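Engineer: Fold the following.
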Amino acid sequence: MIHWLQHTTGGLLTLAAVSIAVLLVLIIKLKLEPFIALIVVGLLTALAAGLPVGTIVGSAQKASDSLLEKGFGGILGHITAIIGLGTILGSILERSGGAKVLTGALLRSFGEKRAPLAMGVAGFVFGIPVFFDIGIFVLAPLVYVAARQGGRSLVLYAMPLLAGLSITHAFLPPHPGPVAAAGLLHVELGWIILMGLACGIPAFLVGGVLYSTWIGKRIDVAVPEDMVFAEEEGEREENPPSLGLVAAIIAVPLVLILAGTFGSIWLPKGSALAGVAAFIGTPAVALTIAVLLASWLLGLRRGFTGKDLNELAAKSLRPVAMILLVVGAGAFFGAVLSATGIGKAVADSLHDAGLPVLLAAYVISCGMRIAQGSATVAIVTTSGIIAPTVAQLGYSQIQLALLVMAISAGSIIASHVNDGGFWIVSRYFNLTVPQTLKSWTALETVLSVSGFGVSALLMTVV
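Structural biologist: Coordinates of the predicted model:
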């Protein structure tokens with residue numbers, strides 16, 4: 001029995017299935033923190049597969065070569081600075097009033113009749129540097145105002161905004177899911193940005209425009225008179241930044257990262273210009289430049305003190321710790337699957353079944369999302385499961401980026417009662433649970449299927 005479990009394809013696949021089932025039970029039934037559950041399941045899977053203890057955890061004298069430390073350290077060394085800097089950048093943009101400047105300009109440009117589309121574009125643009133829930137907290141009052149002025153259902157204005165925020169959260173850096181997947185599958189972030197836009201924009205048009213308009217006309221929700229949120233203490237609105245400045249600061253890291261990615265392709269190898277492009281295009285460097293610019297132009301120059309910025313950074317970084325722990329633990333779990341041979345067994349099975357890796361990755365991600373609720377956990381876990389398989393396929397960077405998009409698309413499907421975002425949406429937009437299921441849950445599913453469809457289509461032509 002032990003030999004079958006550790007050395008045959010059927011045994012390894014059974015071990016993989018049991019380990020994932022145990023992981024879900026620990027997270028869903030026992031309410032264990034995902035990062036603890038991932039460590040526990042990773043250790044148990046490694047032991048069940050017969051890996052030596054020294055390989056799993058190292059020794060008292062040396063643990064740096066162990067799966068536990070290399071799994072955590074390899075991915076966290078790649079993403080920690082990116083996620084941290086992206087979080088600080090988003091918090092500065094939020095507190096400076098940049099979100100309201102951006103949304104107000106879009107509402108004026110699109111006009112009252114197209115105000116729902118303006119909210120969607122605002123969510124898409126502002127969602128690049130800020131987390132999903134922060135985007136809702138900041139922009140929700142503007143949705144209330146637009147809905148009151150337009151005299152139509154709150155759903156018609158809220159769903160496009162949510163679609164924009166959801167797409168950027170799942171598909172684009174510096175959000176933790178796509179950044180972690182890029183690290184686990186060894187994809188340059190420049191390609192992730194390009195493919196994220198290529199898959200995310202069509203999905204947004206289908207879900208955030210077509211579906212949101214359709215469902216917004218069928219669920220009538222008025223804005224309650226008492227649904228007015230006070231401005232956060234310390235927020236500066238007497239001297240808001242210009243629209244051009246806000247847009248430029250959001251664009252800086254994206255442009256620099258893309259310059260680094262394509263500079264390495266188009267510029268002469270070893271040239272000074274190629275070196276400059278590689279340096280400023282390194283994601284951590286690009287985001288550092290953007291944070292410094294935002295600190296000066298949106299902070300110090302407009303009345304913030306150094307102490308204000310330090311406190312703002314400290315406050316914004318507190319929620320990041322748990323995200324990083326989940327990502328690190330997911331990478332450890334993936335390293336175990338690779339070392340045990342489970343990854344090769346999965347690859348062989350997919351080949352024998354004729355199931356495309358892209359579809360398999362999407363289905364696994366969907367299952368993880370539906371089962372435990374977190375998009376980030378779904379992306380990290382799926383990437384760890386699929387990474388050993390992908391390593392043998394010789395995919396190009398663009399193909400790997402599209403694979404990340406398929407995983408990301410799966411991670412947002414069917415948000416329901418086990419997802420914190422479900423309850424945030426319900427609370428902030430005055431929706432009952434059935435209304436939230438018909439609008440938000442269905443919207444996430446439309447975005448997911450559309451995003452995967454585009455990634456699959458592009459995969460056939462690259």
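Engineer: Please compute how far stretch 324-344 lies from its chain's middle.
Structural biologist: Offset of stretch 324-344 from its chain centre (C-alpha atoms, centre = their mean, to the nearest Å): 19 Å.
Engineer: Then stretch 293-310?
Structural biologist: 27 Å.
Engineer: so how many other residues sit close to R301?
Structural biologist: 10 (other C-beta atoms under 10 Å). For the C-beta atoms, the positions are set from N, CA and C on the backbone; glycine is no exception.
Engineer: And G74, how far from S264?
Structural biologist: 22 Å (C-beta to C-beta, to the nearest Å).
Engineer: Equivalent analysis for T381, please.
Structural biologist: Applying C-beta to C-beta to T381 and S264 gives a distance of 31 Å.
Engineer: same thing with A272?
Structural biologist: Here A272 is placed at a distance of 14 Å from S264 (C-beta to C-beta).
Engineer: Which one's more surrounded, those two?
Structural biologist: More crowded of A272 and S264, by other C-beta under 10 Å: S264, with 15 against 9.
Engineer: Skipping adjacent residues, who's closest to that one in space?
Structural biologist: Excluding its sequence neighbours, the residue lying closest to S264 (C-beta to C-beta, 6 or more residues apart in numbering) is A278, at 6.1 Å.
Engineer: looking at it, that neighbour is touching F262, isn't it?
Structural biologist: No. Using C-beta atoms under 8 Å, A278 is not in contact with F262, being 11.0 Å away.
Engineer: pLDDT score for the residue nearest to S264?
Structural biologist: For A278, the pLDDT comes out at 92.
Engineer: What strand or helix carries it?
Structural biologist: Assigned by DSSP states H and E, A278 falls within helix 272-281.
Engineer: which residues touch that helix?
Structural biologist: 190, 256-261, 263-264, 267-268, 285-286, 289 (C-beta atoms under 8 Å, 6 or more residues apart in numbering).
Engineer: Mind checking which of these are in helices?
Structural biologist: 190, 256-261, 263-264, 285-286, 289 (DSSP state H).
Engineer: Report the lowest-confidence entry in the residues you listed.
Structural biologist: Of all those, S264 has the smallest pLDDT value, namely 80.
Engineer: for the stretch 201-350 of the chain, what spans make up the helices?
Structural biologist: Per DSSP state H, counting those that start in this stretch, the stretch 201-350 of the chain carries helices over the ranges 212-216, 243-266, 272-281, 283-294, 306-317, 320-340, 342-353.
Engineer: right, and the ones you listed - which one's nearest K29?
Structural biologist: Closest approach to K29 among those (C-beta to C-beta): helix 320-340, 18.3 Å.
Engineer: Now that closest one: buried residues?
Structural biologist: 320, 323-340 (16 or more other C-beta atoms under 10 Å).
Engineer: next one: stretch 45-52
Structural biologist: Those would be 45-46, 48-49, 51, for stretch 45-52 by 16+ other C-beta under 10 Å.
Engineer: picking that back up, just the contacts of helix 272-281 now: which is nearest I128?
Structural biologist: Using C-beta to C-beta, these come closest to I128 at I257, 11.8 Å.
Engineer: From I192, how far out is the closest one?
Structural biologist: For I257, the distance to I192 - C-beta to C-beta - is 9 Å.
Engineer: ditto for F304
Structural biologist: For F304, the distance to I192 - C-beta to C-beta - is 32 Å.
Engineer: Could you do H78 as well?
Structural biologist: For H78, the distance to I192 - C-beta to C-beta - is 13 Å.
Engineer: now A248
Structural biologist: Distance of A248 to I192, computed by C-beta to C-beta: 22 Å.
Engineer: Mutual contacts of I257 and I192, please.
Structural biologist: In contact with both I257 and I192: P173, using C-beta under 8 Å, 6+ apart.
Engineer: what number of residues lie near the residue nearest to R152 when sequence neighbours are not counted?
Structural biologist: Closest residue in space to R152, ignoring its immediate chain neighbours: G216 at 7.4 Å, by C-beta to C-beta, 6+ apart. Each residue near G216 was counted by other C-beta under 10 Å, and the total is 22.
Engineer: now do P268
Structural biologist: Residues contacting P268 under the criterion other C-beta under 10 Å number 8.
Engineer: Next: V145.
Structural biologist: Neighbours of V145 using other C-beta under 10 Å come to 17.
Engineer: same deal with K113?
Structural biologist: By the criterion of other C-beta under 10 Å, K113 has 8 neighbours.
Engineer: Tell me the pLDDT of it.
Structural biologist: Predicted confidence (pLDDT) at K113: the value is 84.
Engineer: rewinding a little: columns distance to Q6 and pLDDT on top of the buried residues of stretch 45-52, output as CSV?
Structural biologist: Formatted as CSV, the buried residues of stretch 45-52 follow (distance: C-beta to C-beta, whole Å; pLDDT from 0 to 100):
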residue, distance to Q6, pLDDT
T45, 11, 92
A46, 11, 93
A48, 8, 93
A49, 6, 91
L51, 9, 93
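Engineer: Could you point out which residue ranges in the protein have low pLDDT?
Structural biologist: Applying pLDDT under 70 to the chain picks out residues 225-238, 343, 347, 350-351.
Engineer: at 50 instead, please
Structural biologist: 228-236 (pLDDT under 50).
Engineer: for it, longest helix please?
Structural biologist: Longest helix in the chain, counting by DSSP H: helix 67-95.
Engineer: Run the angle between it and helix 283-294 for me.
Structural biologist: Inter-element angle recorded for helix 67-95 and helix 283-294: 20 degrees (by axes from the mean of the first three to the mean of the last three C-alpha atoms, to 10 degrees).
Engineer: so what's A290 up against?
Structural biologist: Contacts of A290 by C-beta under 8 Å, 6+ apart are 85, 89, 249, 252-253, 256.
Engineer: neighbour-wise, which of those residues leads?
Structural biologist: Busiest of these [other C-beta under 10 Å] is P253, holding 30 neighbours.
Engineer: Report the separation between it and A290.
Structural biologist: Between P253 and A290 the distance is 4 Å, computed by C-beta to C-beta.
Engineer: Between the two, which contacts overlap?
Structural biologist: Common neighbours of P253 and A290 are listed as L89 (criterion: C-beta under 8 Å, 6+ apart).
Engineer: Remind me what the helix or strand hosting G183 packs against, helices and strands.
Structural biologist: Taking DSSP H and E as the criterion, G183 maps to helix 176-185. Packing partners of helix 176-185 (3 or more C-beta pairs under 8 Å, 6 or more residues apart in numbering; DSSP states H and E): helix 67-95, helix 154-171, helix 189-204, helix 320-340, helix 375-390, helix 397-410.
Engineer: Could you identify the helix or strand that succeeds the host helix or strand of A17?
Structural biologist: Applying DSSP H and E as the criterion places A17 in helix 9-24. Next in sequence after helix 9-24, counting helices and strands by DSSP H and E, comes helix 34-48.
Engineer: quick one, what contacts V462?
Structural biologist: 396, 398-399, 402.
Engineer: quick one: it and G260, what's the gap?
Structural biologist: 21 Å.
Engineer: again, but for A105
Structural biologist: Applying C-beta to C-beta to A105 and G260 gives a distance of 30 Å.
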